Structure formats: structure tokens, C-alpha cells
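Visitor: this is a predicted model, with the sequence first.
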Amino acid sequence: MKYGWIAIVAMIAALFSTGPVAAQDPSGKGYGPEQIGPEESPLPDPDTVTDDSMSELDKIRAMDAAPEAPTVTGARPPSVTSGSAVGEAGMGTEAAERERARRSIGDVGKSVRTEEDAVPLKFQFHGYYRARYNWIGNAPMPKGSIDGTPRTNFPSKNASFGEMRLRLDPEVTYGPNPDLPIARLRFTIDGFDNVTFGDNARVFSVPLFAVDQSNTDRNGFDLKESLKLERAWIEFLVPIGQIRVGRMESQWGPGLLTHAGNGLAEWGEFYRGETFDRILFATRPITLARGISKGDTRQTPLIYAFLYDRLSQDQVVDPTISSSLTGNAGAATDPYFKPSYSTFPERSAFPLAYLTNLDRRVNEIANVIAWFDEDFGRAATDELFIGTYVLYRWQQSTNSRIIIPDVAWRMKYTLKKNRRLAITTEGEFYPILGHSGALGFTDNPAYGPETCPPEPCNQGNASIWNVMARIGIMDEGKWFGQLEGGFASGDANLLSGAVPPNDLEAPRPTLTTRGFNENIKVGLLMYQVALKALTFQALNPFRAAELGANGSVWNSKYLMPSFRFTIVPGLEVHTQFLVAWADELDPWVYASRNDRCGFSPECFMGWEADLAIRARIGAKDIVWIDLETGMMQPYRAFTDVGDPGAGSFGGGMNDAWLWTVQMRAAMIF
């Protein structure tokens with residue numbers, strides 16, 4: 001009660017505060033019930049009988065029906081420079097009390113806004129939860145990690161693990177058309193994002209009695225948050241098109257270059273998706289011209305879009321991460337763990353200081369023009385899409401300038417004589433051209449990646465060519481057959497002089513390989529397990545693992561026929577067969593050098609056969625149950641062993657079968 005006297009003085013002052021207020025009234029009247037009269041008084045008459053059985057909501061409605069009280073002269077609401085008008089929700093009026101009560105209690109089925117200013121919003125909630133358990137037989141382990149195995153060969157072990165993800169995609173829309181609303185706010189929220197089952201972080205000293213949760217993902221990273229807001233952006237219509245602003249997904253065509261990673265994959269899982277901080281404007285030029293000239297605003301197929309991006313997904317490694325290559329030390333102490341471009345020592349705590357370093361930011365712009373005809377063909381699901389996406393990306397500090405012209409197409413066409421049959425095709429082609437000083441593997445054999453920073457590194461060029469195409473025939477709802485083929489250009493000198501030069505690895509400052517987006521799933525084992533391990537083993541010591549395979553097609557050409565058949569509605573069988581050859585052999589990745597592989601035996605990667613049974617349960621297939629199996633026989637591109645004395649260090653995978661059994665349960669809503 002040290003300052004209790006202050007509270008007492010303030011209370012006494014409040015009791016006598018009506019005097020000065022009344023003195024400001026030009027009429028000379030006070031504001032008690034006796035001065036105003038019973039009909040005008042905003043205060044209750046003690047002689048008036050009230051119905052105590054009325055609910056708070058009924059009392060508010062009764063107050064709404066009552067005449068408005070006069071405004072207290074001289075008492076102004078906060079942040080308002082003039083006195084309140086009669087009946088306005090300001091301090092000293094019953095309108096203010098009604099407004100406060102309405103906002104605190106609300107009204108059944110109504111917004112907290114008044115009916116006059118309420119916005120007719122609609123809330124939609126979508127997403128999925130998936131859980132998958134994987135058994136992988138003869139999975140390759142790091143060279144030299146098991147005693148008794150030659151250091152030039154990969155030992156193998158069986159792996160088994162479960163993983164899960166909760167994805168929520170809520171959206172708030174305004175407008176009568178939910179497919180094209182006037183405005184929309186969208187989110188993507190991930191929970192337990194590819195977190196593996198069990199206490200993998202060893203957060204409990206005695207694992208046998210572990211009770212604390214672990215948030216370790218499939219790559220050994222300990223996630224800071226079990227629930228994370230991944231994306232948030234707004235979309236709104238303007239008279240000449242649509243604008244989107246925010247951190248949003250990016251998808252073009254089948255997704256060879258940029259893939260959002262939404263939904264569930266047919267084989268395996270989508271583990272990440274492309275996300276950019278983006279400003280996008282899209283319009284339909286023919287519709288716009290017709291609307292201006294003739295007043296005809298019917299939708300037409302031609303679409304044009306312009307976008308500006310700031311790249312937002314380049315990781316910054318957290319020094320508290322406890323994982324490492326060997327499991328013996330933290331990532332921050334592992335000199336081969338972090339890419340040379342993933343740390344930012346120039347970040348300053350001084351206000352706005354790091355935001356002035358504009359030359360470090362990676363920017364891109366793109367022009368998109370596409371023809372998307374949903375009325376193409378005879379059936380309601382027929383469509384024709386063809387378009388080009390021309391991307392220009394730059395970073396000032398590394399003197400990087402990259403151009404990527406991308407062409408994509410998709411078509412479904414129902415045959416005239418047999419409307420149960422339809423042909424389908426889709427594909428994508430793009431080159432990556434330009435130059436960059438972002439990598440330390442460009443014509444500097446004496447020092448390699450240690451020459452950077454400072455940036456820029458020696459300039460290197462890019463000449464990368466990737467293509468994928470699919471063609472199929474289907475009896476919709478019964479069966480579907482498809483042939484898929486693809487090519488990702490190779491590089492027989494991937495490190496371009498970052499290691500001591502020899503006859504097999506000479507300086508050449510041109511990068512000619514870059515894999516498909518990892519969400520393009522080709523098989524279950526060859527690319528997702530075997531090739532990813534082979535390139536990681538070779539490139540990670542040079543901090544160049546990002547240049548290797550990411551789980552999808554890399555430095556190879558392949559063919560993959562597939563077929564699926566509906567046994568009964570809700571139960572399907574899927575199968576596929578994969579064969580592949582390396583495009584070029586780099587002696588640091590493979591056992592020899594070959595820059596013109598063709599279909600030679602030493603470049604044959606092997607074959608893989610996969611089989612799946614898929615069940616869909618409930619209304620609108622709300623529950624998915626999938627059982628997937630696969631087996632792969634590796635061949636010489638994997639199994640030949642390099643000879644360090646001759647300057648080749650790669651290969652060395654054993655010729656045992658790789659196999660997998662995987663189960664997935666998911667709920668989609």
C-alpha cells in the first residue's frame with residue numbers, strides 16, 4: 001500500500017468530476033437524472049422496474065430500440081478531434097456501451113462488425129495429414145563407416161523409419177465466385193514437417209524411458225518448431241487482371257524447374273516445395289481488348305503474367321543443430337557440412353544495416369504467356385495448355401546472370417469414335433544459360449572452394465539442358481497406360497578444377513548438369529536412394545552436395561513405362577518399370593571418365609520395378625491407404641570401383657538388390 005493514497009485521491013477526484021463537465025455545458029444544466037428529466041436521462045431510474053430474466057443479448061437489443069441519448073458536451077472519444085455527434089459510438093453515450101457489449105458478446109451467426117459494415121467473407125479449410133513407414137533394404141552407407149569394408153566401396157544396411165506431416169491450407173475469400181473471388185487470403189501451415197517417428201534427437205538421457213517429443217526430420221535436422229507458417233499471400237482482382245502479393249508457392253507445368261510440392265505424390269512423398277516472396281500480375285489480353293472495344297468480358301484462353309521474386313528458401317544453417325555427417329559432432333563444427341554460400345557474416349544487429357546490403361539479394365523476374373483452353377476437345381475434362389515461362393535471375397555480389405526459357409505443355413483429348421478413350425500428353429523443356437561467380441569450382445585448381453569468400457568467385461558459365469515428356473492412353477475410371485522419358489544433361493568435370501588437376505579432371509569453368517526438381521518422382525530407389533547417396537559421398541567433402549542428385553533425375557536419360565488399373569471403385573493397382581543410363585561419367589562421382597556415354601555398358605545405371613496397391617475410402621476419397629514396393633538391380637555406373645592411383649574415386653556400390661516396402665495412410669480434407 002505504498003502508493004495506496006494515490007488511488008484514494010484519484011477516486012475522490014472522479015466522484016466530483018461532473019462539476020467541471022457541467023460547467024462546460026452552454027445550457028447551464030447539469031447531467032444528473034434530475035436535471036435532464038426521466039425521458040432524456042441516460043442513467044437508469046431507481047424507481048423503474050426492470051426484467052432481470054432478460055439475457056445480456058436481449059438487453060442489448062432493447063437498448064438498440066430505445067431513443068438515442070444526447071452526447072456529453074466536452075467529453076471526446078480517444079483520438080477524435082471533435083465532439084461526438086448525437087448517437088455516435090463515443091465516450092459518454094449509451095451507443096458506446098452498446099458497441100462495446102456487441103463486440104464482446106457478439107450475435108449468433110453474425111460478424112463482430114455491425115450489419116451495415118460487415119464484409120461477407122467465406123472461410124475454407126483444406127489440407128491433409130499423412131504418415132508413411134519405410135523399409136529400405138541394402139541402403140548404401142558412407143564409405144569407410146563400417147569396419148572390414150574397403151574405403152573405396154559403399155557398405156550397406158537395412159533402414160526402417162516412419163515419417164509424417166500435417167499440412168493446413170486455410171483461405172479467406174470475398175466475392176460470389178469461390179474459384180475466382182474478388183479477394184482471397186491464403187496460408188500454408190506445416191506441422192511435424194517430415195518428422196520421423198521416435199526420439200531421434202536423444203532429448204532424453206535414457207532413451208528407454210524417453211517421454212519428451214522429438215522433432216527430427218528425415219535428413220537429421222532438429223526442427224525448431226513443430227508448427228510453422230510456410231506461406232501467406234493475398235490475391236485480388238483489379239479491372240484489368242489479378243494481383244498476388246506475398247510469400248507464395250511456385251509451380252510451372254509438370255514442375256521440372258519449379259514445383260510447389262502440394263498434395264500427395266503418386267510414388268514417394270513431396271518433401272519440400274518452391275516458395276518465393278513474389279509480386280505477380282496476370283491478365284487475359286484478348287478478354288481485356290474485347291471488353292474495352294465491345295463490352296464482351298467472356299473468358300478467353302490467352303494468359304499473360306509478369307512476376308518479380310525475391311528468393312526466400314536458401315537455408316541458413318543453425319549452429320545449434322546437433323546432427324553431423326558422422327554423428328559425433330555438431331554441424332557447426334563440421335567443415336564439410338555447410339555450403340560456402342549459406343552463412344552471412346555481414347548480418348548486423350544495427351537497425352536496418354543488413355537491409356542496405358542489396359547486392360547480396362537474389363532477384364528474378366519472369367514473363368509468362370500461355371494458352372489454356374478448358375473447352376478444348378469433346379469431354380468435360382478435356383483441356384489444352386501450352387506456354388512459355390522466361391526467367392531472368394541475378395545477384396550483384398556474385399556477378400550472377402542466369403536466363404531460363406521454359407516451355408511446358410499438357411493435353412487431354414477424347415477420341416471421336418470411342419468417347420471412353422482419351423489420349424494424354426504433357427512435358428517440359430528448359431535450358432539454364434548464363435554465368436555466375438557464386439561457386440568456388442570455376443577454373444582454380446590450386447585452391448578450389450576456399451577462394452570464396454570474398455565474392456565473387458572466378459566466373460563460371462552454365463549450359464544445362466533438361467527435358468521430360470509423357471504420352472498416354474486411358475479409359476477414364478478403368479485403366480491408364482503411359483510412357484515417360486527424360487534427359488538431364490551431364491558433366492564429366494563437375495568440380496571444374498576445384499581439385500588438383502590430372503588427366504581426368506582438368507579445369508573447365510562451365511557447369512553442364514543440374515537435376516530435375518526433386519518433386520519429379522521417377523521410381524522409388526534408383527534416384528531417390530542410390531544416385532543421391534553416390535553423389536553426396538563424392539561432392540559433400542567439397543561443399544558441393546547441392547550440385548549433385550537431389551532425389552530426382554540427374555545426369556542421365558531414362559525410360560519408364562507405367563500402367564494402372566482399377567479393380568473396383570476405390571481400389572487400384574499401379575506398376576512401373578525404369579531403365580536409365582548416365583549421360584556423362586565424372587571420375588569423382590563414378591569409377592571412370594566418359595563424356596560421351598550414349599548407351600554404353602559402363603554407363604548403364606540399372607533397372608527398377610515398382611508395384612503399388614492403392615485404396616480410397618469414404619466420401620470424396622477422404623482416406624488414402626497405399627502399399628508401395630520396389631526392387632532395383634544396380635549396374636556398372638554404380639558398381640564399378642574407382643582407382644585412386646589412376647585419378648578416379650567414385651563408384652563402388654555393391655551389386656546386391658536394393659528393395660523397399662512402404663506404407664502410407666493419409667486423410668485429405
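Guide: Thanks, I have the structure now. Numbering: from 1, shown residues only.

Visitor: so the residue lying closest to D643 once chain neighbours are set aside is in which element?
Guide: Distances taken as C-beta to C-beta, 6 or more residues apart in numbering place A591 nearest to D643, at 7.6 Å, with adjacent residues excluded. Bear in mind the C-beta positions are built from the backbone N, C-alpha and C, glycine included. Here A591 sits in a region with no helix or strand, counting by DSSP states H and E.

Visitor: buried set for stretch 263-271?
Guide: For stretch 263-271, burial by neighbour count (16 or more other C-beta atoms under 10 Å) applies to L264, W267, G268, E269, F270, Y271.

Visitor: pLDDT at the nearest residue to E602 once chain neighbours are set aside, what is it?
Guide: Of all residues not flanking E602 in the chain, R636 sits nearest, at 5.0 Å (C-beta to C-beta, 6+ apart). pLDDT recorded at R636 is 96.

Visitor: could you report the neighbour count for R636?
Guide: Neighbour count for R636, taken as other C-beta atoms under 10 Å: 20.

Visitor: what are the phi and psi angles of it?
Guide: The phi and psi values for R636, taken as degrees, to the nearest 10, are phi -60, psi -30.

Visitor: tell me how far it lies from L559.
Guide: Going from R636 to L559 by C-beta to C-beta, to the nearest Å gives 18 Å.

Visitor: what is the most widely separated pair among the buried residues of stretch 263-271?
Guide: Greatest spatial distance in the buried residues of stretch 263-271: W267 and Y271, 13.0 Å, computed using C-beta to C-beta.

Visitor: among the buried residues of stretch 263-271, which one sits closest to E163?
Guide: For those, the nearest to E163 is E269 (7.7 Å; C-beta to C-beta).

Visitor: was I right to think that closest one contacts N134?
Guide: No. The criterion here is C-beta atoms under 8 Å, and E269 misses it with N134 at 9.6 Å.

Visitor: which neighbours do these two have in common?
Guide: Listed as contacting both E269 and N134 by C-beta atoms under 8 Å, 6 or more residues apart in numbering are E163.

Visitor: if we can go back for a sec, would you convert the buried residues of stretch 263-271 into JSON lines that also reports pLDDT?
Guide: Output for the buried residues of stretch 263-271, formatted as JSON lines (pLDDT from 0 to 100):
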{"residue": "L264", "pLDDT": "96"}
{"residue": "W267", "pLDDT": "96"}
{"residue": "G268", "pLDDT": "95"}
{"residue": "E269", "pLDDT": "96"}
{"residue": "F270", "pLDDT": "95"}
{"residue": "Y271", "pLDDT": "93"}
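
Visitor: residues of stretch 565-579 that come out buried?
Guide: Across stretch 565-579, burial judged by 16+ other C-beta under 10 Å covers T566, E572, H574, Q576, L578, V579.

Visitor: my error: substitute stretch 121-132 in the last question.
Guide: Quick answer for stretch 121-132 (16+ other C-beta under 10 Å): G127, Y128, Y129, R130, A131, R132.

Visitor: inside strands: which ones of those?
Guide: G127, Y128, Y129, R130, A131, R132 (DSSP state E).

Visitor: which residues does the second one contact?
Guide: Put plainly, it is Y128. Going by C-beta under 8 Å, 6+ apart, Y128 touches L166, R167, G263, L264, A666, M667, I668, F669.

Visitor: re the thing from before, need the ones in strands among the buried residues of stretch 121-132 in a markdown table with pLDDT and distance to G630, can you?
Guide: Shown next, in a markdown table, are these (pLDDT from 0 to 100; distance: C-beta to C-beta, whole Å):
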| residue | pLDDT | distance to G630 |
| --- | --- | --- |
| G127 | 96 | 28 |
| Y128 | 97 | 23 |
| Y129 | 98 | 24 |
| R130 | 98 | 19 |
| A131 | 98 | 19 |
| R132 | 97 | 14 |
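
Visitor: mind picking the two most distant members of these?
Guide: Of all pairs drawn from those, the greatest distance, 16.6 Å, lies between G127 and R132 (C-beta to C-beta).

Visitor: show me the strands in the stretch 551-669 of the chain, by range?
Guide: 556-568, 571-582, 604-617, 623-634, 658-668 (DSSP state E, counting those that start in this stretch).

Visitor: show me what I402 is bridged to.
Guide: Taking DSSP bridges as the rule, I402 bridges to R393, G434.

Visitor: hmm, it is touching A366, no?
Guide: No. Taking contacts as C-beta under 8 Å, I402 lies outside contact range of A366: 11.8 Å.

Visitor: overlap of the contact sets of those two?
Guide: By C-beta under 8 Å, 6+ apart, the residues touching both I402 and A366 are L391, Y392.

Visitor: could you pull up the residues touching the residue most central in space within the chain?
Guide: With distances taken as C-alpha atoms, centre = their mean, the residue of the chain nearest its centroid is G273 (3.7 Å). G273 makes contacts with E249, H259, A260, G261, N262, N519, as judged by C-beta under 8 Å, 6+ apart.

Visitor: list the contacts for D296?
Guide: By C-beta under 8 Å, 6+ apart, the contact list for D296 reads R290.

Visitor: residues contacting P181?
Guide: P181 neighbours (C-beta under 8 Å, 6+ apart): K122, T173, Y174, G175, E235, L237.

Visitor: mind doing that once more with 7 Å?
Guide: Going by C-beta atoms under 7 Å, 6 or more residues apart in numbering, P181 touches T173, Y174, G175.

Visitor: what's the closest of those to L227?
Guide: Nearest to L227 among the contacts of P181 is T173, at 23.5 Å by C-beta to C-beta.

Visitor: am I right that the closest one sits in a strand?
Guide: Yes. Applying DSSP: H, G, I helix; E, B strand; the rest coil, one finds T173 inside a strand.

Visitor: tell me the SS of the closest residue to it other than its chain neighbours?
Guide: Distances taken as C-beta to C-beta, 6+ apart place P181 nearest to T173, at 4.0 Å, with adjacent residues excluded. Under three-state DSSP, P181 falls in the coil class.

Visitor: roughly how far apart are P181 and M248?
Guide: In terms of C-beta to C-beta, P181 sits 16 Å off from M248.

Visitor: repeat that for F542.
Guide: 34 Å.

Visitor: neighbour-wise, which of these two wins?
Guide: Neighbours of F542 and M248, each counted by other C-beta under 10 Å, are more numerous for M248; the result is 24 against 19.

Visitor: next up, the contacts around that one.
Guide: For M248, the contacting residues are R231, W233, F276, R278, by C-beta under 7 Å, 6+ apart.

Visitor: let's see it at 6 Å
Guide: M248 is in contact with R231, W233, R278, counting by C-beta atoms under 6 Å, 6 or more residues apart in numbering.

Visitor: hey, what's the first one bridged with?
Guide: Same thing as R231. Using DSSP bridges, the bridge partners assigned to R231 are T188.

Visitor: low-confidence ranges, the stretch 451-600 of the chain, go.
Guide: For the stretch 451-600 of the chain, applying pLDDT under 70 flags the ranges 451-455, 497-508.

Visitor: before we move on, back to that, and the buried residues of stretch 121-132 as JSON lines, adding distance to Y527?
Guide: Conversion of these to JSON lines gives the following (distance: C-beta to C-beta, whole Å):
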{"residue": "G127", "distance to Y527": "28"}
{"residue": "Y128", "distance to Y527": "24"}
{"residue": "Y129", "distance to Y527": "27"}
{"residue": "R130", "distance to Y527": "21"}
{"residue": "A131", "distance to Y527": "23"}
{"residue": "R132", "distance to Y527": "18"}
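
Visitor: residues contacting the residue nearest to L433 when sequence neighbours are not counted?
Guide: Nearest residue to L433, sequence neighbours excluded (C-beta to C-beta, 6+ apart): I403, at 5.1 Å. When contacts are counted by C-beta under 6 Å, 6+ apart, I403 touches Y392, L433, G434.
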